[in-house]
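Asker: What would the 3D arrangement of this be:
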Amino acid sequence: MVGLEYPVSLFLKGTPSRMIAWQSRLSAKIDQLSDSLIDFRRNLHRNPEVSGEEFQTSLTLYQLLGDMGLAVRMGPDGRGVLADLDTFEENGSPAIALRGDIDALPIHDCKDVAYCSQKEGVMHACGHDAHATVVLGAAQALQQMARSGELPWPIRARFIFQPAEEICTGARDMIKAGALEEVSAILATHMEPGLPFGKVGFRKGELTASCEEIQIKIHGSSGHGARPYEANDPIAAAAQLINTLYLALPRVTQTHEAVVASFGQIHGGASPNVIPETVELGGTLRTLLPQTRQDTIRHIHRIAEGIAMATQTEIEVKFELGTDAVRNDSNLIDLLKENCVEMLGMPSIYDIPRASMGGEDFAFYLDQVPGAMVRLGCASPGAENWPMLHSTRFDIDERVLALGANLLARSMVAAFEPGSRWHEQLLTPRTTSHHDSPPD
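Answerer: Below you'll find the model as predicted:
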């Protein structure tokens, strides 16, 4: 929708005069890459692949990263890519990882732009094409500086291009494939159409909610629609259950705790004049705190048991965890914020007041190592009614690609500065991971 009309360096109005040589060189590298980053993102946008089918996207990244001279590995089943850059002369330093996701959504692209999706009913409506491009830009700039000897000190970086974020399986698959081996911290970005370009959202602690599927099956007895008294109607039970949950859950949850239960699927019956035998419901439960999650699950079971007794039906309730809450590490948020201020000045900082109730499988990496995700403003400044995430018209101000790549690359280099607080906090070799084993 919006191209890069000016180099990112022109937008760094708040940059302190003390900007040192490596930072200036890095910004210059990113500026030179800006047009190619836009081209790459637009190519991904034209050719989206839904979760589980990211084969061509992965192959394209694999070839491009390999041609750059990085050590490259393909993810499980030919989906996802891992790439490494290590400029240490001796082994021993852990790596810092940058993660970008690559899958698209089953949504029709309604934008009138040259790079509109060419796949019917598939679209990058959540910015994953941009997330991948941001990480690619950071990798390209860092690799160029490494080859030309312009890095101020050695670094060890891992670039993770992850499939299947939207169905919450990709992060776990990449972890099992070794994405976090010898990694001590991980960083990521997410597009934020609620903020204009030039603003970056930061939050310590919970950034997104845990999200899990609710699967409910209601067993009744079938009958004629004219004689409902001869049946145990599972549709009537489903209606009562949904209505009761929507009314009751807010009344049993402390007012300062966030809980969202929503149902998006109801399946039951084949004829308008036949009361069916069974009805199936599908929904999601989103919470921020583990105790709130446990309490809410208990309340849902209790309410279902009461409705089953009142309607003389059987109600099965199952929960399937999609992803835990993303909980940002305070030290890593400080690292990213400090580098953001050096790039853009204090006016760029937006302190996110409350966690989103959306889910993000970035949380699975955080079960293993400290990490942080920031939200990059991607709406054109002054634009009204900018399309939000998962909209059929979602798009970005493409200047955000270079900005995000610069922020991640700068933060990566800064973390490895010998003697810095970041080096001590993040890169002290560990004998064990954040947790002992990857998630099942």
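
Asker: What is the neighbour count of residue 124?
Answerer: Using other C-beta atoms under 10 Å, residue 124 is surrounded by 29 other residues. In this view, the C-beta of every residue, glycine as well, is placed from N, C-alpha and C.

Asker: Check residue 110 too.
Answerer: 13.

Asker: before we move on, what SS does the closest residue to it other than its chain neighbours have?
Answerer: Distance criterion C-beta to C-beta, 6 or more residues apart in numbering; nearest residue to residue 110, sequence neighbours excluded, is residue 392 at 4.1 Å. Following DSSP: H, G, I helix; E, B strand; the rest coil, residue 392 is assigned to coil.

Asker: Tell me the confidence at residue 392?
Answerer: Residue-level confidence at residue 392 comes out at 98, pLDDT.

Asker: which ones are touching the spatially most central residue of the chain?
Answerer: The structure's the chain has its C-alpha centroid closest to residue 360; by C-alpha atoms, centre = their mean the separation is 4.4 Å. Residues in contact with residue 360, defined by C-beta atoms under 8 Å, 6 or more residues apart in numbering, are 165, 190, 207-208, 323, 326, 373.

Asker: rerun that using 10 Å as the cut-off
Answerer: When the contact criterion is C-beta atoms under 10 Å, 6 or more residues apart in numbering, the partners of residue 360 are 101, 165, 168, 171, 188, 190, 207-209, 211, 322-326, 366, 373.

Asker: Tell me how far it lies from residue 379.
Answerer: Residue 360 sits 20 Å away from residue 379, taking C-beta to C-beta, to the nearest Å as the criterion.

Asker: So residue 25 sits against residue 150, correct?
Answerer: Yes - counting by C-beta atoms under 10 Å, residue 150 is a contact partner of residue 25 at 5.2 Å.

Asker: can you list residues touching both of those two?
Answerer: Common contact partners of residue 25 and residue 150 (C-beta under 10 Å, 6+ apart): residue 144.

Asker: In the protein, spot the strand with the most residues.
Answerer: strand 183-196 (DSSP state E).

Asker: Show me where the stretch 201-350 of the chain has its strands.
Answerer: Using DSSP state E, counting those that start in this stretch, the strands assigned to the stretch 201-350 of the chain run over residues 205-206, 210-219, 223-224, 259-267, 274-275, 278-287, 314-323, 327-328, 349-351.

Asker: quick one: which of those strands is nearest residue 32?
Answerer: Among the strands of the stretch 201-350 of the chain, the nearest to residue 32 by C-beta to C-beta is strand 349-351 (26.9 Å).

Asker: about what we covered before: so the residue nearest to the centre of the chain, which state does it fall into?
Answerer: Here residue 360 is recorded as coil under three-state DSSP.

Asker: what's the spacing between it and residue 166?
Answerer: According to C-beta to C-beta, residue 360 stands 10 Å off from residue 166.

Asker: Tell me the residues that contact both of these two, please.
Answerer: Common contact partners of residue 360 and residue 166 (C-beta under 10 Å, 6+ apart): residue 101.

Asker: Name whatever forms a beta bridge with the closest residue in space to residue 246 that isn't next to it in sequence.
Answerer: Spatial nearest neighbour of residue 246, chain neighbours left out: residue 261 (7.4 Å); criterion: C-beta to C-beta, 6+ apart. Residue 261 has these beta-bridge partners by DSSP bridges: residue 285.

Asker: re earlier: what sits against the residue nearest to residue 110?
Answerer: Counting by C-beta under 10 Å, 6+ apart, residue 392 touches 107-111, 123, 125.
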